[in-house]
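Peer 1: mind folding the following:
(one chain, ligands or ions: 1)
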Amino acid sequence: MAHAIEAEGLVKTYPGDVRALDDLSITVGPGEILGLLGPNGAGKSTTVKILTTLIRPDRGKAAVAGHDVLRRPDRVRRLIGVVSQRSGADPDASGRDNLILQGRLYGMGGAEVRRRAGELLERLGLGDAARRAVKTYSGGMQRRLDVALGLVHRPRVLFLDEPTTGLDPEARTAMWAEIARLAGDDALAILLTTHYLDEADRLARRVAIVDRGRVVAEGTPDALKGELRGDAVHLEWREAPDEALARAALGRLPGVRDVLVDGPRLSARADDGAAAVPAVLAALDHAGIPAAAATVARPSLDDVYLRYAGRRFAQADAAPASEAPAQGTAAADAVTAGGAR
Ligand SMILES: Nc1ncnc2c1ncn2[C@@H]1O[C@H](COP(=O)(O)OP(=O)(O)OP(=O)(O)O)[C@@H](O)[C@H]1O
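Peer 2: Presented below is the predicted three-dimensional model:
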């Protein structure tokens, strides 16, 4: 089997003429983590639902673990693990009992399922809490139990739907380490959907950026960022400037390109961002639209998204503030901060 997941030309329209998937294609190899990255409503969950045999596409085909999801959904189900956004654990039962019940649902026998439950509890750092009711677990522990539940029957392909949403930074880091181990040591193929740019950047060998039901860019995070020559220059105003004036001002500067204006924010690319900023600020002053702040950063996945989707990830995403995608890479990589002027 060349690919653990292979989806080609998936189209799905929901009632009300909502085109959730519009010719989406992806592949994931054994031992590979593909990050399916996109804002709310991009079509990530619909993709996962089709690949995990919960819904059928209108068009297109898909195979998971070597079996066609439309013709052999029963086979596919036995070979995949699914960790969905909502936990399937019984909060009143212990972690161990949840795992044992799950194993039995897959037809595993007494001694085997008890051994497997113990192994997974240890592995996911839940050994000490094994016999406690799940409702007493922290958010991170519950999420780790959800992953264990998805692994009981030793699947070959794992679907992780936003595995770290709502977790604190420490629990996220622990989850990242575990996910990396599953792909590395166990050679699981993992399809990971995420809102978090830094999560995809850190974890996924390849990233597929989904926008409006299509993959708009795909590759390793480094390759995607590498396609963007030079630095990203971000400018901000207190109020949106006249777009034509801003474009005209920057359009005359050598080495400054790919100008995108988005309300009170503007992004451009420059061969040497730090060197370009003084000229950029002077040109804007001269045009009568002085910027309030300027930042230079190495390209981030946010910039990749902006380039391919034509809008900023955070703006495409209607997530509540607590779930807003991290802007970590751009901020952490900032080499010059013009600051308020
Ligand atoms: N059962 C449904 N009926 C009608 N429209 C739906 C249904 N499920 C999803 N949609 C719509 O299809 C589009 C894609 O939704 P989907 O849940 O796949 O996106 P997503 O990328 O997973 O978003 P999120 O990050 O919020 O989970 C959205 O416009 C959504 O409102």
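
Peer 1: tell me which helix or strand Ala232 sits in.
Peer 2: Assigned by DSSP states H and E, Ala232 belongs to strand 231-236.

Peer 1: give the pairing partners of that strand; include direction for each.
Peer 2: Paired strands of strand 231-236, with direction, are strand 265-270 (antiparallel), strand 293-297 (antiparallel) (DSSP bridges).

Peer 1: domain-wise, how is this structure divided?
Peer 2: Annotated domains of the chain cover 5-224, 229-298+311-337 [automatic domain parsing].

Peer 1: so what's Arg75 closest to, chain neighbours aside?
Peer 2: Nearest non-adjacent residue to Arg75, counting by Cβ to Cβ, 6 or more residues apart in numbering: His67, 4.3 Å away. Any C-beta I mention is one placed from the backbone N, CA and C, and that applies to glycine too.

Peer 1: nope, Val216 is what I was after
Peer 2: The shortest distance from Val216 to any non-neighbouring residue, by Cβ to Cβ, 6+ apart, is to Tyr308 (4.1 Å).

Peer 1: contacting residues for the one you found?
Peer 2: Applying Cβ atoms under 8 Å, 6 or more residues apart in numbering to Tyr308 gives the contacts Ile209, Asp211, Val216, Ala217.

Peer 1: for the closest residue to the ligand within the stretch 151-300 of the chain, grab the count of nearby residues.
Peer 2: As assessed by Cβ to the nearest ligand atom, the ligand sits closest to His195 within the stretch 151-300 of the chain, at 6.0 Å. His195: 23 surrounding residues under other Cβ atoms under 10 Å.

Peer 1: and the contacts of Tyr308 as CSV, adding neighbour count, distance to Glu243 and pLDDT?
Peer 2: Converted to CSV, the contacts of Tyr308 look like this (neighbours: other Cβ atoms under 10 Å; distance: Cβ to Cβ, whole Å; pLDDT from 0 to 100):
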residue, neighbour count, distance to Glu243, pLDDT
Ile209, 26, 25, 90
Asp211, 22, 22, 89
Val216, 17, 23, 90
Ala217, 19, 25, 90
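
Peer 1: related to what we said a few turns ago, wait, what's in contact with the residue nearest to Arg75?
Peer 2: By Cβ under 8 Å, 6+ apart, the residues touching His67 are Arg75, Val76, Leu79.

Peer 1: from Leu260, how far off is it?
Peer 2: Separation of His67 from Leu260 (Cβ to Cβ, to the nearest Å): 43 Å.
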